[in-house]
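**Q** I'd like to go over a predicted model; first the sequence, then the structure.
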Amino acid sequence: MTFDGRLFSGITVLAAVAESGSFVRAADALGLSPSGVSRAVSRLEKRVGVRLFDRTTRSQTLTDEGRRLYDAVGPHLTGIEEAASAASGSANVVQGKLRVNVDPFFSRTVLASRLPDFLARHPDLSLELIMRDDVGDLVADGFDLAVRFGPPPMGTLIARKLLETRIITVASPRYVAEHGQPGKPEEVGKHQRIMFYNPVTAKPFEWEFHRGKKVTKIPAEGRLLVSDVETMLGACIAGAGIAQVMQIGVEQVMHDGLLVDLFPEWPDERFPLYALFPSRRHRAAKVEAFINFCLESLSAAAPVAHRQTGLRGERRQRKS
């Protein structure tokens with residue numbers, strides 16, 4: 001069988017542009033110039049006889065024919081990459097650059113103090129932790145994985161649940177002394193509440209209380225709305241009002257008596273933490289090492305009963 005190196009090279013460039021979303025980012029990934037990438041795509045289009053990209057001054061989008069070609073060759077390119085990694089042994093070596101889209105609160109409260117140990121354990125690894133409010137496009141933004149709280153976004157990502165943490169309703173002793181303690185969830189509407197901004201809906205998160213199968217929902221109303229967890233905790237400790245927070249990361253504050261759990265008899269609302277990966281069968285050793293690091297860090301910070309560390313927690317999110 002005759003091997004056409006130029007065709008394979010063109011297919012590789014096609015995949016790089018499709019995954020990065022631009023000729024410039026593809027050029028950086030491949031070590032080429034943007035004009036070189038453009039010429040390679042043009043040669044491939046001439047070879048197959050169809051237009052593969054719709055081009056504008058700002059973006060390049062696959063045509064229907066380009067999408068079909070990319071979907072057909074993608075698994076084969078992945079297989080070639082896996083075979084090369086296995087042959088070189090790099091699949092089992094933690095090295096290179098690891099770029100992670102990470103939840104800011106999780107990074108600050110759970111990972112930050114343990115990072116020196118992780119880096120010392122893997123001296124050939126360069127780690128980039130980029131704090132963002134949403135997942136975005138992992139491939140186009142150059143991320144190896146994301147670690148985010150909340151349900152995984154719909155799409156073709158691989159999702160592995162790392163943790164479920166309890167949602168607790170808290171106030172400072174000062175606030176309780178001045179305003180009293182609500183006796184049941186329905187009474188929180190009469191109190192000052194600190195609301196947390198949901199970037200997905202551009203509205204405050206709804207308040208819910210769970211006990212077994214019983215769920216009580218309270219309208220999201222309050223004079224103070226914030227989008228930063230540390231600000232919410234600081235305001236709550238200072239007596240600005242009642243807040244709903246994740247139990248992970250506030251254990252020490254609770255232990256020190258700066259905040260009190262107002263409804264320990266409503267313990268069943270949970271919020272998940274997921275690791276999210278691009279849709280690829282093979283994950284590099286550096287990715288697995290970081291996931292293990294997250295799990296180790298959670299073991300020190302999270303109640304054992306709420307951890308979800310098995311591979312059974314991993315699943316593919318598909319578009320509905």
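**A** It's in.

**Q** ok, and for the one helix or strand residue 44 maps to, which residues are buried?
**A** Per DSSP states H and E, residue 44 falls inside helix 34-48. In terms of neighbour count (16 or more other CB atoms under 10 Å), helix 34-48 has its buried residues at 37, 38, 40, 41, 44, 45, 48. For glycine as for every other residue, the C-beta is placed from the backbone atoms N, C-alpha and C.

**Q** That helix - what's its average pLDDT?
**A** For helix 34-48, the mean per-residue pLDDT is 89.

**Q** follow-up on the earlier one: and the buried residues of helix 34-48, which is closest to residue 293?
**A** Using CB to CB, residue 37 is the member of the buried residues of helix 34-48 that lies nearest residue 293, at 35.2 Å.

**Q** The closest one and residue 45, how far apart?
**A** When distance is defined by CB to CB, to the nearest Å, residue 37 is 13 Å away from residue 45.

**Q** circling back to that earlier point, give the next helix or strand downstream of the helix holding residue 44.
**A** Immediately after helix 34-48, counting by DSSP H and E, sits strand 53-55.

**Q** buried stuff in the helix or strand just after that next one?
**A** Later in the chain than strand 53-55, the nearest helix or strand by DSSP H and E is strand 60-62. Within strand 60-62, the residues that count as buried by 16+ other CB under 10 Å are 60, 62.

**Q** by contact count, what packs against strand 60-62?
**A** Here strand 60-62 touches strand 53-55, going by 3 or more CB pairs under 8 Å, 6 or more residues apart in numbering; DSSP states H and E.

**Q** Contacts made by the strand it packs on with the rest, please.
**A** 17, 41, 45, 60, 61, 62, 63, 66 (CB atoms under 8 Å, 6 or more residues apart in numbering).

**Q** Of the residues you listed, just say which sits nearest to residue 233.
**A** Closest approach between the contacts of strand 53-55 and residue 233, by CB to CB: residue 61, at 42.8 Å.

**Q** which residues does that closest one contact?
**A** Residue 61 touches 53, 54, counting by CB under 8 Å, 6+ apart.

**Q** wait, which of the contacts of strand 53-55 is closest to residue 293?
**A** Of the contacts of strand 53-55, the one sitting nearest to residue 293 (CB to CB) turns out to be residue 17, at 32.7 Å.

**Q** contacting residues for the closest one?
**A** Contacts of residue 17 (CB under 8 Å, 6+ apart): 23, 26, 37, 41, 53, 60.

**Q** Can you give me the domain boundaries for the chain?
**A** For the chain, the structural domains run 5-88, 93-320, going by automatic domain parsing.
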